[in-house]
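Undergrad: need the 3D shape of this:
(2 chains)
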Amino acid sequence: MTEQAQKCPELAANVVDIRRFSTHDGHGIRTTIFLKGCSLACAWCQNPETISPRIRPVFFRGRCIDCGLCLEAGGDAVSQDAGGAVHVDTAAEADWETLTRVCPTGAIAYDAKRYTVSELVEIAQRDRVFFGEGGGVTVSGGEPLFLPHFAVALLRALREEGINTAIETALNVREEFLFEALPWVDHVFADCKLIDPEAHRRYTGRGNEQVLANLAALLRSDRRDDVTVRTPLIPGITDTVANIAGIARFISGIHPGVRYELLNYNPLAAAKYDVQPHLTYVFDTDENPRMLTRAQLAEFEDLARANGVSNLVTT
Amino acid sequence: MTTAPETIDSTVLAALAATPRIDRLREAMLAEPRVVCADQALITTRVYREHAQEPVIVKRALALAAALRELPIRITPGELIVGNRTPSVRAGVITPEAGASWIDREIETLPTRPQDRFEVDAETIRAFREQIYPAWQGVSLEDVIRQRYGTEIDQIAKVVKINQKDHAQGHICPNTTKWLQHGPAGLAREASVRGATATGEQAEFYRAVEIAMQGVQEFALRYAERADALAETHPADAAELREVARIMRKLATGPAETFHEAVQATWLLFVVLHTESNASSFSPGRLDLALLPYYEAGIASGELTPEHALELIECLFLKFNQVVYLRNSHSAKYFAGFPIGFNIAVGGQDRAGNDVANPLSFLFLQAQKHLGLPQPNLSVRLHDDTDEALLKEAVRVVARGSGMPQFFNDRSVIPALEAVGVSHADALDYAIVGCVELTTQGNNLGWSDAAMFNLNKALELTLTGGIDLQTGQRIGPDNGSLTDFATWAELETAFARTIDHFIDAMIAACEVVERAHMDVLPTAFLSAVIDDCLTAGVDVTAGGALYDLSGIQMIQVASLADSLAALKQLVFDDGLISRERMLEALRADFVGYEVEQALMLNKAPKYGNDIAYVDELGEQWAGYFADRLAGYTNIRGGRYHTGMYTVSAHVPMGQNVGASPDGRKAGTPLADGGLSPVYGRDMAGPTAVLQSVSRMANEYTSNGGLLNLKFLPEFFDSETNVDKFAQFLRAFVALEVPHVQFNVVRREDLIAAKQDPDRYRSLTIRVAGYTAYFTELSGDLQDEIIARTTQDL
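TA: Presented below is the predicted three-dimensional model:
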């Protein structure tokens, strides 16, 4: 990537959400930017709206007041049943631009908005006073490096404004892009979900060769201490003894001081699939497991320690 | 000797535990019922009859002195700090000279009314009806105001609520330091010396002060005698009781010297203030400064330990919960939950601008952490150089979920006070009275709760041409209606005229009320601890204080900003709703106009989201109101100024307002707090809220501002988050936001959010790398969060 390409404030990307006062995505008080687009499609994805890179219409049934203002412009995508309830098929072709505008409640909306690098930097600047020493901006997703040129331009622009940066990446990206971004990133949160290539393929749609290669490269680099490896504990899938022990051995074998964090299962994500009819959540609603208990979590943490991880991040 | 902050071992102080004594006293106190007490009313009625020829100020002092000599007193063994104005704790005291007619109307309903109940026995009702009420009909403060101006006050009631109509006004911070140094005997001597050469009203004033102080001396001696007597019958507690007796005997005749004496003397001051005036918000102010010399001397001599000091402070804190205040049922709606307003401010800058954090600041926080009671109302002053350890300890106390301490910002408050004429040194030394009302210490009758002005009702009357949407009656001037305003500028002109009309009417009413207090409720004892009353020989109600302000609350700028933004954008700029249709929708309370309501709710920007367009509309009209008010002078010669806070008035004030252009249904609450966004409308998180609030000029809250923020308890679950919270508060200081307090979201809130999602839209659930609003989760997932949100932290 040329110097010029890295400094391109007009580059734009689709942003699902910008969450100010984020306190769980890195050090200090942060603004987390959720970008659209991911090269994996994890069956438990907690931000399913970020998988597709395209902006899509969504319909929030709970916000709809059945006013019917959308019927005229809606064509086949919108219908009203005998009881007066409005139904919206977001997969259908329609003039969604008009539909999102006429809907008075925001029940019909786009799942993302396009922002340029300079717009995002301006938004980040607004909370500068809150960032203090440790806080800053976390670029999340989706896969923050899914659009590598945009990601590098954004991260570099933020850093040149003196804003601390972090990324939350699944690492299924080309190694050169990861290392192109790295100079502009203060901290990398790198997911390692499944150590078994077949299981990885089954649950995320891709094998884990690229992920593990990138992870190894990161942990061998001089930035190894700016990396936190994270595994989300998905009941019955990633929270197996073999998986956690395997990941722990793999990463600590490369860098004995590796920071490793186990993320508890987040059952709340299931709700988001209601507005993503083209996607299916890994658990049926009535079989959605609960969070792991503190004791269960501790067992896995002990397991990671027993397999070489000394620098375990616990909350 | 002063202790520099870096020498404070805050971890040691924070590790101190509450003693079994405190737990025992606390439980016993909370188990006592609240009852109505007429003992003092009977004494006052008798004294007024016996001394009918005396000037009012002398009669009041005689009544106070008689009460201090005659009221039944009680000491509970185990108490280290003693004294109350009633034998039972948390009693409601009838004060007929201030208000008797409302008690006559409401006395039977006090045990069953919806808010702030008191038990009342048949004997009390009989004594009130037969012996008390007949003497005060037509002469109490309440009746005097009603006779002089009742009709006018009623006419503006839906826009302006005039306060302090049936009780003494309180809301004042006495000169505790002077009290500690001189005591009742010293102040009596000063009054006597000055009175010797005075004539007329000044002579009467000095005579009244002397009478009051003599009563206090006898009151202290009665406690000494009671403690000695109890020591005879309670051998296990004899040593403590003898010490209490020694202290009370000493305070009757001289100043406090030890820390225990100083804490006891402080409480004695507030008991007597509450005996003289049954009012809310006599506030101790900066006790970590006033008590510091006594603490340091005790520690230096080895006679005091931090543990014992903390126990004494906790005994004092318990006492602050033993005085409550009987309000009429209407007032109890506006000020719900027995707010009595013993506000203590710790931290901040001293008169020279240095950080004052000291061991006592930490001990006060520790006492709050242990007790978690509603009183005192504990405040922490923050500034650029606030001690980091104090800030973090305050955050840890907040995390306990009592909503305290609240935080005040020197960077906002000090310039705001200077703008209303307070000297720089006095502004640096500010304290808080009641909830969030700002004051200088010991020299200021701020009259901070003079009136509340409902800007949203004023906007409604502007849109309707003066017609009340709820009743169809004319209650305001006709400056045209929304359908007549061809441009935004025309609407603004009419709104300004409506505001002007009600400000005029409000000021006239405030003058009548203040004059009535001067005539009916002069307060010689209070005046002796407010500079410069004693040197001037002028009662505090008559303008004897160095500073004489009157505070008016603007209700509520957040709701107003949302309504104006919706009107401007949807009606005047984008034309999505016609003027006629907007007015019809408001008249219909949106029934049949659901689409318009949805547009108002969803397609217009809302205050609290860091959107300059809407925030500045609020700022503009707050500024207009404050500027107009600044042109008036109160009858004590001081200035009117503005505050942006309510206790619970956003609920009854909202009941008075019809449907509004922000999409709010008729009669529903306005924004809470005063600076807070409308609940559920702040979608961009707390940093955006602070940015929005920071657009309000500091001067609009020289009488006090109130910002409520809510957090889920999980936010406080780790020491890392304490650091983040401390950083958040550093930014709060930098942004010059005057005040913030933190409420921890409770299980009940989440249940309410599930049932009424529209009001709780901004409630977010935070998990790493995840983004969602609570109300958009499915029911079973909401239940999951509800289940893991415990009630007790």
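Undergrad: quick one: the helices in the stretch 451-600 of chain B?
TA: Here the stretch 451-600 of chain B has its helices, by DSSP state H, counting those that start in this stretch, at B:455-464, B:488-520, B:524-528, B:533-536, B:557-566, B:579-587, B:594-602.
Undergrad: of these, which is nearest A:Ile195?
TA: Within the helices of the stretch 451-600 of chain B, the stretch nearest A:Ile195 is helix B:594-602; the backing value is 46.5 Å (Cβ to Cβ). Where C-beta positions appear, they are placed from N, C-alpha and C, glycine not excepted.
Undergrad: how far away from the center of its chain is the helix or strand just after the closest one?
TA: Downstream of helix B:594-602, the next assigned helix or strand under DSSP states H and E is helix B:612-629. The chain centroid and the centroid of helix B:612-629 are separated by 24 Å, computed with Cα atoms, centre = their mean, to the nearest Å.
Undergrad: can you check stretch B:634-650 too?
TA: The answer for stretch B:634-650 is 12 Å, by Cα atoms, centre = their mean.
Undergrad: with stretch B:452-463 instead?
TA: Chain-centre distance of stretch B:452-463: 24 Å, with Cα atoms, centre = their mean.
Undergrad: so what are the domain limits for chain A?
TA: Domain segmentation of chain A under automatic domain parsing yields A:11-53+A:112-313, A:57-110.
Undergrad: winner for burial among these?
TA: Mean neighbours per residue, mean count of other Cβ atoms under 10 Å in any protein chain shown, is largest over the domains of chain A for domain A:11-53+A:112-313, with a mean of 20.
Undergrad: mean confidence score for that domain?
TA: Mean per-residue pLDDT for domain A:11-53+A:112-313: 95.
Undergrad: now the end-to-end length of that domain.
TA: The straight-line separation of the ends of domain A:11-53+A:112-313 (Cα to Cα, to the nearest Å) is 35 Å.
Undergrad: tell me if that domain is near chain B.
TA: Yes. Domain A:11-53+A:112-313 lies within reach of chain B by Cβ under 8 Å from any Cβ of the partner chain, at A:16-17, A:19-25, A:28-29, A:32, A:34, A:46-47, A:126-127, A:129-130, A:132, A:134-135, A:140, A:168, A:189, A:263, A:266-272, A:274, A:285, A:288, A:290-291.
Undergrad: wait, which of the helices of the stretch 451-600 of chain B is closest to chain A?
TA: Among those, the nearest to chain A by Cβ to the nearest Cβ is helix B:594-602 (3.8 Å).
Undergrad: list the helices and strands that closest one packs on?
TA: In this structure, helix B:594-602 packs against helix B:579-587, with contacts taken as 3 or more Cβ pairs under 8 Å, 6 or more residues apart in numbering or on different chains; DSSP states H and E.
Undergrad: hmm, B:His234 is touching B:Leu241, no?
TA: Yes. B:His234 is in contact with B:Leu241 according to Cβ atoms under 8 Å; the separation is 6.6 Å.
Undergrad: what about those two, which has more around it?
TA: B:Leu241 (25 against 15; other Cβ atoms under 10 Å in any protein chain shown).
Undergrad: now the more buried one: which helix or strand?
TA: Applying DSSP H and E, one finds B:Leu241 within helix B:238-253.
Undergrad: please name the nearest non-neighbouring residue to the residue in the stretch 101-250 of chain A positioned nearest to chain B.
TA: Per Cβ to the nearest Cβ, A:Pro104 is where the stretch 101-250 of chain A lies closest to chain B, at 3.8 Å. Spatial nearest neighbour of A:Pro104, chain neighbours left out: B:Ala598 (3.8 Å); criterion: Cβ to Cβ, 6 or more residues apart in numbering or on different chains.
Undergrad: how about B:Leu706?
TA: B:Tyr645 (3.5 Å).
Undergrad: can you check B:Ala41 too?
TA: In space, and not counting its chain neighbours, B:Ala41 is closest to B:Ile94: 4.3 Å by Cβ to Cβ, 6+ apart.
Undergrad: phi and psi next, for A:Pro232.
TA: Per-residue torsions, A:Pro232: phi -80, psi 130 (degrees, to the nearest 10).
Undergrad: who's it bridged to?
TA: Using DSSP bridges, the bridge partners assigned to A:Pro232 are A:Leu263.
Undergrad: correct me if wrong: it contacts A:Glu261.
TA: No. A:Pro232 is beyond contact range of A:Glu261, at 9.9 Å (criterion: Cβ under 8 Å).
Undergrad: the residue nearest to B:Ala41 and B:Thr86: what is the separation?
TA: Distance, B:Ile94 to B:Thr86, by Cβ to Cβ, to the nearest Å: 11 Å.
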